[in-house]
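Novice: Generate coordinates for the sequence data below:
(2 chains)
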Amino acid sequence: MSNDQSPGKIGEVVLAARNIAKSYGNIHALKGVNFDIHRGQVTTLFGENGAGKSTLMKILSGVVRPTSGEIVLDGKPITFSSSTEAREHGISIIHQELSLAPNMNVRDNIFMGREIRTATGVDFAEEERQTQALMAELEEDIDPLTLVEDLRLGQQQIVEIARALSVNSRILIMDEPTSALSASEVEVLFKVIRDLTSKGVSIVYISHHLEEALQITNHAVVLRDGTMTAYAERKNINLEWIVRHMVGENFDLGSPPTDHTIGSVALSIEGLSVPDPSGADYNVVDNLSLSVREGEIVCIYGLMGAGRTELLEAVAGRLSPSSGKVTLRGQNVTGKSIAECIRNGLVLVPEDRQRDGLVQTMTVGRNLSLASIGAITRVFFTSFTKEAQLVGDAIQRVHIKSDGGGAAIGSLSGGNQQKVVIGKMLATDPEVILLDEPSRGIDIGAKAEVFKLLAERAKRGLAVIYTTSEVGECLSIAHRIIVMRRGRISAEFGPDATKEQIMAASGEAVVTH
Amino acid sequence: MSVTTSVETSKPNAKGKRKKSLVELLFEGRAFFALIAIVIVFSSMSPNYFTINNFLIMSSHVAIFGLLAIGMLLVILNGGIDLSVGSTLGLAGVVAGFLMQGVTLPQFGVILYPPVWVVVVLTCLLGAVVGAVNGVLIAYLRVPAFVATLGVLYVARGIALLMTNGLTYNNLGGRPELGNTGFDWLGFNRLAGLPIGVLVLAVFAIACGILLSRTAFGRWLYSSGGNEHAAELSGVPVKRVKIIVYMLSGVCAAVAGLVLSSQLTSAGPTAGTTYELTAIAAVVIGGAALTGGRGTVIGTLLGAFVIGFLSDGLVIIGVSAYWQTVFTGAVIVMAVLLNSIKYGRRW
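Specialist: This next block holds a predicted model:
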């Protein structure tokens, strides 16, 4: 509606973030970021998971409000109180997580909240016509009356894109728009993007497929740990430049512990297959075999959707595998419940701390003792003395900075919360610990502490498997690096591997020159 | 190094917690202060209110709701809801009445008159079975708690009506020659001056308090209500906890049914209609969060006393039954309002 309201030169800054910071409690997602969006051009935001890309985009599109800093639109400072307000200024966003209503059809999703009204109700015929026009533009054969839940994921993403296009925004933010698209669909999307930019629409693009993004972008901005680390125009950069700035200088996350003997096999996974938990007809973990020895640290690297989480959850008893065998020190634990696995010494630290790791209504101490509470209960009554001792030990061992066991979980920083989750599982005295993205959403200092802690435990015979989507974290304490791609192991490296090798094996950046 | 600081800082912090402002203190103990306010107001309005005898009578009324509310508290701590307790109460009373009338076994040509303790045990078992049905529906068949217990509400009430054909069992006194006297003991007798019903409530409250604070089960219950995912991943048998919680709620309802029919010396199939709502109200007034994970037995007891003393007080000063309903409703809304301030925007 507004692309012709704003005549201006191609390439001039239309929307800018000035010193934007955003904190969630003690977690600093963004630490004073400056970011420019250029008229009629594509600006790509590069960065690893947790670098703050999505948070920045949510701030620019009015979904969340910054803690400090300002947004400048056409040279004037502005604040958005909602995404609707941002949309009225011509800014719209295609979210990474699809935000469609699966129970409604394509047409109603596209016009959700801005239905074309007539005196008697909604002009469905006009909405349908416009939907068809959008689908034609995207070269997709989707009937406007199909329910969104009946579409495959890639088509749902197309609908999401169509919805953003239908608003006629002058600034369009695309957060991972191609993650579920086929190569030909990506081609069409790029054609649409070129079309839009020629009409003066400014695009912000985020993608994990670095090469793909390089094809389309005019500007590249790299974000790391909530700060902008590099900016350049497309013509001055290449893939290597992006990777270098994304992973950054090596903050010392430790090295593989060596002065101890690696023992016998602690955990052995043979031919494990896990069907897709949402019911789709494929295996998220596909006939995978892996074994880990006492005192060994194994890192699993992979992109989102590579099957890392599902692998760990199937081993720890949260998902049931369709075939394969998991043995813990020679004992078959395949298909055992989570509680049985914990009793046998196999524990999982889940990926999503808030959803799966912590009980927010309980204190730090009670969270720490939760997994061991059965073990310190004699007949009927829990021994408070033993619990206090266990909590004290745990706080000491994993170095939790808090006001003792009685503090509220919410009072801790992200890193300390993560240590509570790890400390809770370590308190059960396990033989094998699986950690799903233990470094997610915690600052670099806390990361180093977590890795140091794991290395210390490994020296005393604990077998450690952790996953990560930050390649720098593979090259820290791990004795072995396993790269997963589409449910299978695509490569295995020693601690002397390079970042480029690991990323290439994951399918993230195929360096062909 | 962080360890020493954490141990040291824990003490001043604990002291700091005790130094609360008056507002916070009033807010923390809001159910308690509400109860005191109710007692003061009604005592000033009626000379009959502030007498030991009246308190004992009111307390034996509270006993019924209090028992239901304790069971309800366990369910709500788990993040669920049990709408079936009122019906279970009614069904328990009817089954007890039925057993007191003697069980005819035509194939043997005998009528069995079970002694009172057998009746009590069987009725409690019935409550546990009803609860187990709720629990299995919710934990294993993934029926939402609201819907599952709503269904059981209807079924239990229907069975109670079918058993009696809509009539009421009136003579629950038993006969000495049959050896089944003593049913009215629960409702009428006093031990050390206290009605048995109130003592039963006290015993259940203490047992429940110990269960919640001293046992692993209590911790499992709080954790699975606070975050079921996290609890399960910590090895908490969340499904088993859920089933046991509904069974305990059913047993509490059955005991309440026994006390009520003993107080009335009759068992009607419609006894306890809408009592589930009163029980939920008591739990909420007692400061528990309907989202689970937060709440205490003492709070719930105070909630039950607030509702009981308020409605009896209104009766004593002669306010119409319709106004009583309005007042009770207002108190519940107030309580939820205060809870929502306390727990932030989580409601």
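Novice: near chain B, which residues of the stretch 251-400 of chain A?
Specialist: With Cβ under 8 Å from any Cβ of the partner chain as the criterion, the stretch 251-400 of chain A meets chain B at residues A:316, A:318, A:338-339, A:341-343, A:348, A:350, A:355-362, A:366, A:369-371, A:373-374, A:377, A:380-382, A:392, A:395-396, A:399-400. C-beta here means a position set from N, CA and C on the backbone, and glycine is covered the same way.
Novice: Out of those, list just those in strands.
Specialist: Among these, the ones falling in strands (DSSP state E) are A:348, A:377, A:381-382.
Novice: Quick check on residue 195: phi, psi?
Specialist: In the absence of a named chain, this looks at chain A. phi -60, psi -50 (degrees, to the nearest 10).
Novice: meant chain B actually
Specialist: phi -60, psi 140.
Novice: Low-confidence regions, the chain specifically.
Specialist: No chain specified, so I'll use chain A. A:1-8, A:25-27, A:49-50, A:248-251, A:441, A:443, A:508-513 (pLDDT under 70).
Novice: if you could check chain B rather than the one you did, that'd help
Specialist: Using pLDDT under 70, chain B drops low at B:1-21, B:26, B:179-180, B:342-347.
Novice: Quick one: the strands in it, in order.
Specialist: Under DSSP E, chain B gives strands at B:103-105, B:110-112, B:190-191, B:194-195.
Novice: Give me the sheet partners of the first one and which way each runs.
Specialist: Right, strand B:103-105. strand B:110-112 (antiparallel) (DSSP bridges).
Novice: Now do the partner strand: everything it contacts.
Specialist: B:102-105 (Cβ atoms under 8 Å, 6 or more residues apart in numbering or on different chains).
Novice: circling back: from the residues of the stretch 251-400 of chain A next to chain B, list just the buried residues.
Specialist: A:316, A:318, A:338-339, A:341-342, A:348, A:350, A:356-359, A:361-362, A:366, A:369-371, A:373-374, A:377, A:382, A:392, A:395, A:399-400 (16 or more other Cβ atoms under 10 Å in any protein chain shown).
Novice: among the contacts of strand B:110-112, who's most crowded?
Specialist: residue B:102 (16 neighbours; other Cβ atoms under 10 Å in any protein chain shown).
Novice: quick one, what contacts that residue?
Specialist: B:111-113, B:178.
Novice: What is the nearest of those to residue A:177?
Specialist: Residue A:177 lies nearest to residue B:112 out of the contacts of residue B:102, by Cβ to Cβ, at 74.9 Å.
Novice: Can you name the residues bridging to that closest one?
Specialist: residue B:103.
Novice: can you count the residues close to it?
Specialist: Quick note: residue B:112 (other Cβ under 10 Å) scores 13 neighbours.
Novice: Surely residue B:146 is in contact with residue B:83?
Specialist: Yes: the pair residue B:146 / residue B:83 is scored as a contact, 6.9 Å apart, by Cβ atoms under 8 Å.
Novice: Counting neighbours, go ahead and name the busier of the two.
Specialist: Using other Cβ under 10 Å as the criterion, residue B:146 and residue B:83 rank with residue B:83 on top: 23 against 13.
Novice: any chance you could map the helices in the stretch 151-300 of chain A?
Specialist: A:153-166, A:183-198, A:210-216, A:239-247 (DSSP state H, counting those that start in this stretch).
Novice: ah, wrong one, I meant the stretch 201-347 of chain B
Specialist: B:216-226, B:228-233, B:238-264, B:275-285, B:297-316, B:321-342.
Novice: Excluding sequence neighbours, find me the nearest residue to residue 87.
Specialist: In the absence of a named chain, chain A is used. residue A:167 (6.2 Å; Cβ to Cβ, 6 or more residues apart in numbering or on different chains).
Novice: my bad, chain B
Specialist: Nearest one to residue B:87, counting by Cβ to Cβ, 6+ apart, is residue B:156 at 3.8 Å.
Novice: and what of residue A:137?
Specialist: residue A:192 is the one closest to residue A:137 (Cβ to Cβ, 6+ apart), at 6.5 Å.
Novice: residues in contact with the one you found?
Specialist: By Cβ under 8 Å, 6+ apart, the neighbours of residue A:192 are A:137-138, A:161, A:165.
Novice: distance of it from residue B:217?
Specialist: As for residue A:192, its distance to residue B:217 is 58 Å (criterion: Cβ to Cβ, to the nearest Å).
Novice: Over to the nearest residue in space to residue A:412 that is not next to it in sequence: give its phi and psi.
Specialist: Nearest residue to residue A:412, sequence neighbours excluded (Cβ to Cβ, 6+ apart): residue A:402, at 5.5 Å. The phi/psi pair for residue A:402 (degrees, to the nearest 10) reads phi -150, psi 170.
Novice: check contacts around residue A:402.
Specialist: A:364, A:395, A:411-412, A:416, B:6 are the contacts of residue A:402 under Cβ under 8 Å, 6+ apart.
Novice: can you rerun that using 7 Å?
Specialist: A:364, A:411-412, A:416, B:6 (Cβ atoms under 7 Å, 6 or more residues apart in numbering or on different chains).
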